[in-house]
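Take this sequence and fold it.
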Amino acid sequence: MQIAEVPAGISLGETVGPQVYRLLRRRIIQAELLPGERLSESEVAKSLSVSRQPVREAFIKLSEEGLVQVLPQRGTFVTKISVAAVMDARFVREAIEADVVRLIAESGEPGAIDELRKQITEQKKVPHNDRAAFLRLDELFHHTLAASAGKSYAWNVIEGVKAQMDRVRFLSVDDMHVTRLIDQHERIVEAIATNDQAGAEQAMRLHLREILNSLPEIASSRAELFDRG
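Purely as a prediction, here's the structure:
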């Protein structure tokens, strides 16, 4: 089995461990590192010009998220996408974010609404074939909602469970899907702007259930990437 290579990209101005973790996590989520690929602690450390300790720490954190499996005497391997974990993450996100948008709609903060509208404008500028750029802006949109409601800790909870969901979302992004997601973002913001708490909640629930439409098709067309157990 081939050992996956990881490109350099470590900044000297930041703690090394979190950078290694984010780099590997991003490459797994964006399907650059595929299920079954072996990650060698020594090879990753060498390619990034870092010691093995931060790599070991990154592997542990990735393992906790279910993105890699550490097998004693064999190595560390990228896991398949867990359908069960995707469904659990979607459930948690909907439960939290539906309440988040109700809170913002109740308060109707103009600053938050302006910022969210600016972000939607930026989303529309992203080429539809640039999945990574769109998903970064999508992530910012949802993070901004949580922060505007004073629920940054709730967003941290979401981040801790949504890794498998993010893998599916990356695979599902195409021209039609991006357009639909942006339209849904606009409905959420317009409901917030008119203090329509029920409408904002409904729009968010619909938005986060989008993955229920794309998951079966992706799991069928890319069956080798999925663990249906």
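
list the contacts for residue 56?
Counting by C-beta atoms under 8 Å, 6 or more residues apart in numbering, residue 56 makes contact with residue 41. Glycine gets a C-beta too; all of them are placed from N, C-alpha and C.

Would you mind checking the average pLDDT for the helix or strand where it lies?
Using DSSP states H and E, residue 56 sits in helix 52-64. Summarised as a single mean, pLDDT over helix 52-64 is 94.

Please parse the chain into its domains.
With automatic domain parsing as the criterion, the domains of the chain are listed as 16-79, 82-227.

Can you lay out those domains as JSON lines showing distance to residue 10?
Below are the domains of the chain laid out as JSON lines (distance: least, C-beta to C-beta, whole Å):
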{"stretch": "domain 16-79", "distance to residue 10": "5"}
{"stretch": "domain 82-227", "distance to residue 10": "19"}
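
Now the phi/psi pair for the residue of the chain most remote from its centre, please.
In the chain, the greatest distance from the average C-alpha position (C-alpha atoms, centre = their mean) is reached by residue 73, at 30.9 Å. Backbone geometry at residue 73, expressed as degrees, to the nearest 10, gives phi 70, psi 0.

Same question for residue 38.
phi -90, psi 130.

One more: residue 69?
According to degrees, to the nearest 10, residue 69 has phi -120, psi 130.

For this structure, just list every one of the helices.
Per DSSP state H, the chain carries helices over the ranges 16-29, 41-48, 52-64, 83-107, 110-125, 131-148, 152-161, 163-172, 175-193, 197-208, 210-221.

most packed of those?
helix 163-172 (a mean of 22; mean count of other C-beta atoms under 10 Å).

which residues are in contact with that helix?
With contacts defined as C-beta under 8 Å, 6+ apart, helix 163-172 is touched by 25, 28-31, 65-67, 81-82, 85-86, 89-90, 93, 131-132, 135, 211, 214-215, 218, 222, 225.

May I have that helix as PDB, with CA atoms only?
Presented in PDB, the C-alpha positions along helix 163-172 are these (Å, rounded to 0.1, in the frame of the first residue of the first chain):
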ATOM      1  CA  ALA A 163     -15.700  16.000   9.800                       C
ATOM      2  CA  GLN A 164     -17.400  13.100   8.000                       C
ATOM      3  CA  MET A 165     -20.200  15.400   6.900                       C
ATOM      4  CA  ASP A 166     -17.700  17.800   5.500                       C
ATOM      5  CA  ARG A 167     -16.200  15.000   3.400                       C
ATOM      6  CA  VAL A 168     -19.600  14.300   1.800                       C
ATOM      7  CA  ARG A 169     -20.300  18.000   1.300                       C
ATOM      8  CA  PHE A 170     -17.000  18.400  -0.600                       C
ATOM      9  CA  LEU A 171     -17.800  15.600  -2.900                       C
ATOM     10  CA  SER A 172     -21.300  16.900  -3.500                       C
END
